[in-house]
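[1] coordinates for the following, if possible.
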Amino acid sequence: MSQIPHGNPHCPLQNNQNQIPSNPKFLKQIHDFCTTTEKPNPANWSYIIRNHLSQGSPAKALLVYTRIRRQGIYILGLLPLILKACASLSCVNRGKALHAESIKSGMNSDVLVGTSLVDMYAKCGQVFESRKVFDYMPERNLVTWNAMIGGYLRSGDKISALFLFEKMSMRTSVTWVEMIDGFARSGDTVSARRFFDQVPQELKNVVVWTVMVDGYSSNGQMEAAREVFGAMPQRNFFVWSSMISGYCKKGDVKEAKFIFDRIPVRNLVNWNSMISGYAQNGFCEEALNSFHKMQAEGFEPDEFTFVSVLSACAQSGLLDIGKDIHSMLGHRRIKLSQIVLNALVDMYAKCGDLMNARLIFEGMTERNTVCWNAMISGLAIHGQCKEALELFGRMEDSNERPDDITFISVLLACAHGGFVDEGIQIFSKMEDYGLVAGIKHFGCVVDLYGRAGRLREAYALIKRMPIKPNDMVWGAMLGACRIYMDMEMTEKVVKDISTLNSNVGSGDNSHYVLLSNIYAACDRWEKAERTRIDMISEGFEKTPARSSFVPSGT
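    Numbers count the residues shown, from 1 in each chain. So this is what the prediction gives:
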């Protein structure tokens with residue numbers, strides 16, 4: 001059973017105490033409560049904390065509670081709320097401290113506090129601790145059972161979840177939702193559907209139906225999703241969005257648009273799903289058009305809308321529009337969350353405005369792997385290869401671990417910058433991070449050797465690759481052969497390509513074109529003509545006004 005590490009570096013009470021909100025009105029409220037000579041009203045504290053939780057600001061709720069405790073005030077009724085905040089932030093150490101407080105005060109036997117502890121430990125990945133609290137509770141309610149079952153399913157322990165489920169004397173619709181959603185998230189849609197079919201009719205509400213549809217769509221089973229979707233007695237906005245997202249993940253944007261057009265009354269979530277789907281599939285113009293149409297219909301974009309639109313700008317290289325979107329963020333007072341800042345870095349980096357990308361990047365208090373990758377990739381693509389390698393070094397020194405995308409970007413920088421030895425050394429580090437090199441990584445290294453004229457080392461790497469070389473790898477190799485006019489190596493590569501099964505390179509005439517050009521450049525016209533004939537006999541036609549992508553020498 002997997003468990004996350006104790007504590008969370010992003011927890012405001014375990015990391016930086018200077019993260020106290022700077023909103024003057026909020027600080028005045030805290031100051032007034034903490035300095036008043038009258039007896040504090042627990043209802044007021046509860047209201048402030050509940051308000052922060054409802055607005056998605058659990059960190060603020062924790063900071064308020066910390067200030068209360070510093071005043072020597074202890075309000076037992078706040079424990080469930082603060083435990084909920086700890087669960088949202090994975091602040092397990094803080095949660096354990098609250099657990100100790102509840103034991104000292106005798107509140108741990110309270111069913112509401114106990115249930116909150118079960119939920120907190122489970123959501124922090126410590127299911128063993130969650131089960132200990134569950135077993136020692138003198139009284140449990142249905143919410144307690146549901147929290148424990150949900151914890152097991154999130155940890156991937158379906159057997160324990162099923163054992164508890166079968167022991168329950170009574171179940172609510174939430175219980176069935178936990179089982180359907182948990183099994184579907186693990187990829188077991190067959191079991192999820194079995195639970196769905198067993199739900200008593202009086203409990204089969206719109207949420208139960210929606211979770212089943214979402215389970216299918218999340219697993220790419222759109223025919224099954226559509227079947228359940230079509231049978232729904234009523235639909236909510238989420239199920240429409242789930243269908244749109246499911247089709248977009250499969251690349252079927254046309255069907256997603258068909259679903260979107262059928263929505264009787266759209267909301268912001270539906271628009272976000274469609275705009276995001278367009279952006280994910282490269283339909284950038286459609287994403288931007290939908291963005292404008294959404295606003296024309298009176299919908300105010302949120303941070304998720306802006307992230308998708310910035311992605312569309314990044315893919316299309318629309319820097320001016322991207323800058324306009326950036327300005328809108330300030331005018332609309334959109335919270336500059338990490339995902340928004342990541343999107344801005346990515347947009348500026350991909351559009352070539354590395355100065356603004358770097359300004360935003362360096363100004364971020366927290367950076368995740370996505371942010372580092374966006375900046376490194378932007379530097380590599382736009383020729384600042386040395387800077388990309390330096391940034392990679394900074395990333396290694398930070399708390400963020402590089403992933404497979406990081407290594408592709410860094411290897412690309414090494415290839416374009418001619419840093420062969422550095423590239424080989426970086427490639428060898430993948431194993432240190434527990435990463436397995438894929439075909440793209442090998443392609444980058446072959447290109448790295450090829451650009452430097454080290455063709456024999458490139459060829460030797462291809463021969464000892466643990467995976468079968470594809471068109472990208474052979475294309476990089478042939479491109480290098482063309483640049484250095486190495487006919488001996490070309491002949492070896494030709495022999496290897498000829499032994500590949502017929503479907504490798506199917507639909508791609510780049511190898512034939514490269515071979516023909518290599519032979520022609522070396523005045524071997526007979527070979528060039530033979531290659532051209534082979535290309536025609538294989539059913540390929542040279543596409544007019546279109547050059548083949550050659551990794552080496554570009």
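[2] which stretches of the stretch 101-250 of the chain form strands?
    Listed in chain order, the stretch 101-250 of the chain contains no strands at all (DSSP state E, counting those that start in this stretch).
[3] pLDDT value on residue 243, please?
    Looking at residue 243, its pLDDT is 97.
[4] residues contacting the residue lying closest to it once chain neighbours are set aside?
    Of all residues not flanking residue 243 in the chain, residue 259 sits nearest, at 4.8 Å (Cβ to Cβ, 6 or more residues apart in numbering). (Each C-beta comes from the backbone N, C-alpha and C, glycine too.) Taking Cβ atoms under 8 Å, 6 or more residues apart in numbering as the contact definition, residue 259 lies against 240, 243, 244, 247.
[5] burial check on the third one, number of neighbours?
    Residues contacting residue 244 under the criterion other Cβ atoms under 10 Å number 27.
[6] what's the helix or strand for the nearest residue to it once chain neighbours are set aside?
    Nearest residue to residue 244 in three dimensions, chain neighbours excluded: residue 273, at 4.3 Å (Cβ to Cβ, 6+ apart). Using DSSP states H and E, residue 273 maps to helix 268-280.
[7] buried residues in that helix, which are they?
    269, 270, 271, 272, 273, 274, 275, 276, 277, 278, 279, 280 (16 or more other Cβ atoms under 10 Å).
[8] residues contacting that helix, please?
    With Cβ under 8 Å, 6+ apart, helix 268-280 has contacts from 237-238, 240-241, 244-245, 247-249, 253, 256-257, 260, 263, 284, 286-287, 290-291, 294, 299-302, 304-305, 308-309, 311-312, 315.
[9] for that helix, give the mean pLDDT please.
    The model assigns helix 268-280 a mean pLDDT of 97.
[10] pLDDT below threshold where in the protein?
    1-43, 72-76, 499-554 (pLDDT under 70).
[11] dump the residue contacts of the residue positioned nearest the centre of the chain.
    Central residue of the chain (Cα atoms, centre = their mean): residue 370, 8.2 Å from the mean position. Residue 370 makes contact with 342, 346, according to Cβ under 8 Å, 6+ apart.
[12] pull the CA atoms of the helix or strand encompassing it into CSV?
    Using DSSP H and E, residue 370 sits in helix 369-381. Below are the C-alpha coordinates for helix 369-381, written out as CSV (Å, rounded to 0.1, in the frame of the first residue of the first chain):
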residue,chain,number,x,y,z
THR,A,369,8.3,20.1,-12.9
VAL,A,370,5.9,21.4,-15.5
CYS,A,371,7.3,24.9,-15.0
TRP,A,372,10.9,23.9,-15.1
ASN,A,373,10.3,21.9,-18.3
ALA,A,374,8.6,24.8,-20.0
MET,A,375,11.5,27.1,-19.3
ILE,A,376,14.2,24.6,-20.2
SER,A,377,12.4,23.6,-23.4
GLY,A,378,11.9,27.2,-24.5
LEU,A,379,15.6,27.9,-24.0
ALA,A,380,16.6,24.8,-25.9
ILE,A,381,14.2,25.4,-28.9
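[13] which is the next helix or strand following it?
    Taking DSSP H and E, what comes next after helix 369-381 is helix 385-397.
[14] list the buried residues of that next one.
    For helix 385-397, using 16+ other Cβ under 10 Å, the buried residues are 385, 387, 388, 389, 391, 392, 395, 396.
[15] from residue 299, how far off is the residue nearest to residue 300 when sequence neighbours are not counted?
    Closest residue to residue 300 apart from its sequence neighbours, by Cβ to Cβ, 6+ apart: residue 332 at 7.0 Å. From residue 332 across to residue 299, the span is 12 Å (Cβ to Cβ, to the nearest Å).
[16] those two - which one has more neighbours?
    Shown here are residue 332 and residue 299; by other Cβ under 10 Å, residue 299 has more neighbours (17 against 13).
[17] check contacts around that one.
    Counting by Cβ under 8 Å, 6+ apart, residue 299 touches 267, 268, 271.
[18] ok, back up a step: next, the angle from the helix or strand where the residue nearest to residue 243 lies to helix 268-280.
    Per DSSP H and E: residue 259 is located in helix 253-262. Angle of helix 253-262 versus helix 268-280, following axes from the mean of the first three to the mean of the last three Cα atoms, to 10 degrees, is 160 degrees.
[19] for helix 253-262, list the C-alpha coordinates in CSV.
    This file holds the C-alpha atoms of helix 253-262, laid out as CSV (Å, rounded to 0.1, in the frame of the first residue of the first chain):
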residue,chain,number,x,y,z
VAL,A,253,-13.1,16.7,-31.5
LYS,A,254,-15.9,16.6,-34.0
GLU,A,255,-18.0,14.3,-31.7
ALA,A,256,-17.1,16.5,-28.7
LYS,A,257,-18.4,19.5,-30.5
PHE,A,258,-21.6,17.6,-31.4
ILE,A,259,-22.1,16.9,-27.7
PHE,A,260,-21.3,20.5,-26.7
ASP,A,261,-23.9,21.8,-29.2
ARG,A,262,-26.6,19.6,-27.7
